[in-house]
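A.B. asks: My questions are about this predicted structure, shown below with the sequence.
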Amino acid sequence: MSDKRIDVELVKKEYGKMLAYNQQINLDETVKVNENFFIGKQWEGVQANGLPQPVFNFLKRVVLFTVASITTDNIKMQASPLAVDPNTAALKDAAEVVNRDFAQLFEFNDIAAIMREYMRNAAVDGDGCTYTYWDAEMETGQKRKGGIRTEILGNTQVGFGNPSERSVQKQPYILIEKRWMTDELKEYAHEQKCPDVDNIKPDTENHDIDDYKRQDGMTTVILRLWKDKKTRTVWACECTENVMIRKPWDTKLKRYPVTWLNWDYVRDSYHGAAMVTGLIPNQIYINKMYAMVMISTMTTAFPKVVYDRTRVGKWNNAVGAAIGIQGGDVNSVAKIMDPAHIDPQINQMIQLVVEQTQTFQGATSVAMGDTRPDNTSAIIALQRAAATPQEITKQNLYRSIEDLGRIYLDFMAANYGTRDVKLALPADVEPEIMQFAQIEPTEERIVAFNYAELRNIPMSLKLDVGASSYWSEQASMQTLDNLLMQNKITLRQYLERLPDGYIPMRQELITEIKSMEQQAMAANAPAPSDEEIVPESMEVHGGAGYGELQRAINETGEIPA
């Protein structure tokens, strides 16, 4: 059991503190304004004073360019044993199993798409957050069901117990706010054997919910996570404003299943500063400048005709129409007024503001491909220089993905149990042994692996994340190709060192090459003499008899000297 009494009133009080802190730093309004400006709703709350309301959303281009630059690298998670003797078979097998599971989880959860949304939320809202949970009903193709799922959360949905600490794992507790359809929530409560299902009400009947969150048929549910001091595991409970939907239970995890990323840090706060926040004043200036230019062109940009009404009763603008006058000189009847000229400095100022804003964010014209490639080397150098300020944010992203990998590893140890996994055949397995043990010369073998042992075996896992993993693999392939072409290594040595996934049925091919090598060695070796096979002192009888040699072999297992 948990070492602290957790009830609805405690969670409600903590949730109130979370909302109060968000209101204190004006988080909800900041996120709302940033989201509006990002999607193009840029005149809400801005004093237009009768001006046109054009939107020239250069802000979105800068944000998407920056996010794309950070998340375009190939991400690959690799686990490797860090024990004294990493060549131990148990350590190798465990690392191989975990690496394959990482690849499957990254593909299943579409981590590449999650990374883009993760960084987009950080740039626009100030913080990115992922939440990982256990789906007990997921089909796995084995007897044991259940799998790991990861989703994106908004920063207004998450509250830390210590708002002055950014580190997730150091929090006394974490609150996660979710919105459920009330009818679905009642069904879920029945499944959890909640005795107060009838007391679950929509938020429209509650008075402590913010107005903008009120929707018919929706109920706010708070998930509370905390680390128990006795069990040293993460516990959880779910409740509404007045009902405990699911009583506290032990998740068996050692880490909070949450990752958190600030776009830019704010001292003494777990909420960060968004990239968009600093660009909004520039965006407002650009829109207003364009609006004033527009109204100027609408009112003064077209020529006007001034005529003498005493001589011309009504002016006719029709093409080719004749205009009659009453006496006098025709040249003094009417005059065309030239349109007002817009100062070219206005356009220069607008362009300067846009260019400087993009440059300060690393989105220079060179980096964004808006320049002519007259000098390739110079352009590459400038692109690298422009990407340098983004390295800090990129490394923060890699650290978050490493944290996500450790969370996956924690879920594996806590929930996977014993499952059938595929492992590569040991390199030293000879064809004769495989035939004697009735093992087919396939690429892999299937064994039962107990994932709970990941916490007990003497090993640790290192997670390598980043573009270097992809390029390191390519460099290794190139090196191996060169060694093979120069006859520095054999084909078998090449295949044994080849990274997984490049050649199908690689292990079977290695086994066939071994068999061919042994046959070639046997064909070139001289035939053994009778004295080498059977000693002179040993009597050998032919036929089906049971001679002295056979008895000696059966008793000792060896041919006597």
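C.D. replies: Structure's in. What do you need?
A.B. asks: Counting neighbours, what do you get for the residue nearest to M337 when sequence neighbours are not counted?
C.D. replies: Excluding its sequence neighbours, the residue lying closest to M337 (CB to CB, 6 or more residues apart in numbering) is K304, at 4.7 Å. For the C-beta atoms, the positions are set from N, CA and C on the backbone; glycine is no exception. If you count neighbours by other CB atoms under 10 Å, K304 ends up with 10.
A.B. asks: please renumber so the chain begins at 600
C.D. replies: Sure, I'll start numbering at 600, so the last one becomes K903.
A.B. asks: Give me the phi and psi for K903.
C.D. replies: Phi and psi for K903, reported as degrees, to the nearest 10, are phi -120, psi 150.
A.B. asks: shouldn't it be in contact with A939?
C.D. replies: No: with contact defined as CB atoms under 8 Å, K903 does not count as touching A939 (10.5 Å).
A.B. asks: I935 belongs to a strand?
C.D. replies: Yes: I935 forms part of a strand when assessed by DSSP: H, G, I helix; E, B strand; the rest coil.
A.B. asks: So what's the residue count around it?
C.D. replies: Residues near I935, counting by other CB under 10 Å, number 10.
A.B. asks: Residues in contact with stretch 794-801: which ones?
C.D. replies: 781, 784-785, 788-789, 814-818, 839-844 (CB atoms under 8 Å, 6 or more residues apart in numbering).
A.B. asks: run the last query once more with 7 Å
C.D. replies: T781, L784, K785, A788, H789, D815, G816, M817, T818, T839, N841, V842 (CB atoms under 7 Å, 6 or more residues apart in numbering).
A.B. asks: Over to stretch 1085-1093?
C.D. replies: Outside stretch 1085-1093, the residues that touch it by CB under 7 Å, 6+ apart are L1079, L1082, L1083, I1109, I1112, K1113.
A.B. asks: switch to 8 Å and redo it
C.D. replies: Contacts to stretch 1085-1093, defined as CB under 8 Å, 6+ apart, come from residues L1079, L1082, L1083, I1109, I1112, K1113, E1116.
A.B. asks: try stretch 757-777
C.D. replies: Counting by CB under 8 Å, 6+ apart, 610, 613-614, 616-617, 620-621, 726, 728, 730, 752, 755-756, 819-826, 854-855, 857-859, 861, 864, 867-870, 1002 sit against stretch 757-777.
A.B. asks: hmm, back to that, quickly check the contacts of stretch 794-801 for the two that are furthest apart.
C.D. replies: H789 and D815 (21.8 Å; CB to CB).
A.B. asks: circling back to that earlier point, can I get the contacts of stretch 794-801 in TSV including pLDDT, distance to A1121 and neighbour count?
C.D. replies: Below are the contacts of stretch 794-801 laid out as TSV (pLDDT from 0 to 100; distance: CB to CB, whole Å; neighbours: other CB atoms under 10 Å):
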residue	pLDDT	distance to A1121	neighbour count
T781	90	77	17
L784	92	73	24
K785	91	75	18
A788	92	73	24
H789	90	72	10
D815	68	82	8
G816	80	79	12
M817	87	77	16
T818	90	76	26
T839	91	77	25
N841	88	82	13
V842	91	78	21
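A.B. asks: Check the residues you listed against D849 and report the nearest one.
C.D. replies: A788 (20.1 Å).
A.B. asks: is it true that the closest one touches I844?
C.D. replies: Yes: assessed by CB under 8 Å, A788 is found in contact with I844 at 5.1 Å.
A.B. asks: Contact partners for V662?
C.D. replies: Contacts of V662 were listed using CB under 8 Å, 6+ apart, and they are F637, R719, A722, V723, M874, V875, L878.
A.B. asks: ugh, typo on my part, it should be F701
C.D. replies: M676, Q677, A678, G1004, Y1007.
A.B. asks: The third one belongs to a helix, doesn't it?
C.D. replies: No: A678 sits outside any helix when classified using three-state DSSP, being coil.
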